[in-house]
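1. below: sequence and its predicted model.
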Amino acid sequence: MSYLNLIATSAFGLESIVVHELKKIGVEKTEVENGRINFQGDYSTIVKSNLWLRCADRVLIKLATFKAYDFEQLFQGALAVEWENFIPVNGKMHVIGKAVNSKLHSVPDCQAIVKKAIVESMKRKHNQEWFDESGPTYRIEISMLKDVATLTLDTSGDGLHKRGYREAQGEAPLKETLAAGLVDLSRWKPDRVFADPMCGSGTIPIEAAMKGKNIAPGLIRSFSSEEWPEISASLWKTHREEAEDLINKNPMEILASDIDKRVFDAAVNNAKKARVGDCIVFQKKPMSEFSSSKKYGCLVCNPPYGERMQSEREVHELYSEMGRVFSKLDSWSIFIMTSNENFEKSFGRRSDKNRKLYNGKIKTHLYQYLGELPPRK
């Protein structure tokens, strides 16, 4: 088959990490936009991208991009796509949409026009007027941005942050994709101790352990395109078996602790389901009691921001205590993500670097305190 135009979407600030991940699975040429990485590939690329991208949100097939100032232009542009080459006669055609700064601002109307065009496309191949849509789901998105229509087909189904291991979570859960991005940005390697003294349901240490053991993040979940007849079951089976073979047994020391028993118990169970329970030492204790005699460690955490329940005074006291506790880790690298603009003042130290990231719709900064790296062996 000829190559398809593909898109990996991501949170703002993680695009460069996704580019690196794509290169690791054999994609050499990429084009980066805000929140999306454009690349080309075949069905094998789609399978590998879904299985291996730790920081991407979805993998999409880009079908068309065109100007659309009215509904007739939208209909004709959508009709020009050879939908019948992607969707079988019984395929469920689920159209979603969004519109920003466009004359065609009614999303329901755009969805209806695109659905009508898809059905007309299906008619020209199958010579029938009605489709029961009882087969696999094809999630199609019409995106209108500044009067430019983009049509995509989602290969992932549930977002890629849903790894399949997290059954329980805290009140403000961190997406697995963002947690994996924090681990990547920390430059941590399995020969260094890793710690999260406010681990909540364990997402950050679990993602670190999965990265350390080279466990494909999509290995224990399913994807919508697995049901598509165009992508053979044997292709999925082959790549899953290869991913299993690539899991390593690197020794690691990962420390995770939290004072909340409810989320602590969830973290232990989540780690077991993610197949990394043997890599993480869980302890139920407050952040104030965290300490380590090891050198050159790496600490990554996502403390409360003060945007939900905590008062500004409580958050200030927490960050001040973090500053006192973490100052004892003189050779460690410390990475703290928060949206609180007064963090550095409360923490008592300016960061060496900071990076803007989005936790959902919340703008945050990853404050980076760069310690010594271990001596080369």
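-> Received it, and whenever you're ready, just let me know what you need.

2. can you mark which positions in stretch 348-366 are buried?
-> For stretch 348-366, burial by neighbour count (16 or more other Cβ atoms under 10 Å) applies to 351, 354-355, 357, 359, 364-366. C-beta here means a position set from N, CA and C on the backbone, and glycine is covered the same way.

3. likewise for stretch 227-238?
-> Buried-residue list, stretch 227-238, by 16+ other Cβ under 10 Å: 227-228, 231, 235-236.

4. quick one: mean pLDDT over the longest strand along the chain.
-> Secondary structure of the chain read by DSSP state E shows that its longest strand is strand 56-67. Per-residue confidence for strand 56-67 averages out to 98 on the pLDDT scale.

5. and the helix or strand just after that strand, how far from the chain's centre?
-> Sequence-wise, the next helix or strand beyond strand 56-67 is helix 71-79, with elements assigned using DSSP states H and E. A distance of 32 Å separates the centroid of the chain from that of helix 71-79, by Cα atoms, centre = their mean, to the nearest Å.

6. helices and strands around helix 71-79, which ones?
-> When contacts are defined as 3 or more Cβ pairs under 8 Å, 6 or more residues apart in numbering; DSSP states H and E, helix 71-79 packs onto strand 56-67, helix 107-126, strand 148-154.

7. any chance of a markdown table for those, columns mean neighbour count?
-> Supplementary listing: these in a markdown table, determined by neighbours: other Cβ atoms under 10 Å:
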| stretch | mean neighbour count |
| --- | --- |
| strand 56-67 | 20 |
| helix 107-126 | 17 |
| strand 148-154 | 21 |
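
8. and those: which comes nearest D258?
-> The closest approach between D258 and any of those, judged by Cβ to Cβ, belongs to strand 56-67 at 26.5 Å.

9. okay, domains of this structure per the record?
-> The record, using automatic domain parsing to delimit domains, assigns the chain the ranges 4-154, 176-218+227-369.

10. now the ones you listed as JSON lines including distance to Y165?
-> JSON lines is the format used below for the domains of the chain (distance: least, Cβ to Cβ, whole Å):
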{"stretch": "domain 4-154", "distance to Y165": "13"}
{"stretch": "domain 176-218+227-369", "distance to Y165": "4"}
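
11. count the residues that sit near the spatially closest residue to H94 that is not a sequence neighbour.
-> What sits nearest to H94 in space, not counting adjacent residues and going by Cβ to Cβ, 6 or more residues apart in numbering, is R139, at 5.1 Å. Per other Cβ atoms under 10 Å, the neighbour tally for R139 reads 19.

12. where does R139 fall, secondary structure wise?
-> When secondary structure is defined by DSSP H and E, R139 falls within strand 137-145.
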